[in-house]
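> next input, structure requested:
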Amino acid sequence: MAPFEALYGRRCRSPVGWFDCTEPRPRGTDLLQKALDQVRVIQDRLRTAQIDIRVTRITGVGR
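The predicted structure is shown next:
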């Protein structure tokens, strides 16, 4: 019995075989650049949210 099956009582549903091998998958620097741009946008939004939270804690004034 596999470890996953022993723990959860069912077989592991891995996405390894879910895609068609003939489908072209995006590769290269364009994909990497898009992912990095999205990460930067998310990080900027998180920084803005953290700054707002700090200000409200110090002054007691809400947004």
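> residue 40: what's it in contact with?
By Cβ atoms under 8 Å, 6 or more residues apart in numbering, no residues touch residue 40. From N, CA and C alone the C-beta is placed, and that goes for glycine too.
> where along the chain do the helices fall?
For the chain, helices defined by DSSP state H occupy the ranges 3-8, 29-59.
> out of those, which comes closest to residue 14?
Nearest to residue 14, of all those, is helix 3-8, at 9.3 Å by Cβ to Cβ.
> could you list the low-pLDDT ranges of the chain?
Along the chain, segments meeting pLDDT under 70 span 1, 15-27, 49-63.
> now the helices of the chain as JSON lines including distance to residue 14?
What follows is the helices of the chain, written out as JSON lines (distance: least, Cβ to Cβ, whole Å):
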{"stretch": "helix 3-8", "distance to residue 14": "9"}
{"stretch": "helix 29-59", "distance to residue 14": "23"}
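> what's the end-to-end length of stretch 10-28?
With Cα to Cα, to the nearest Å as the measure, stretch 10-28 spans 37 Å from end to end.
> please renumber the chain so that the first residue is 32 from this point on.
Understood, numbering begins at 32; the last thing we discussed is stretch 41-59.
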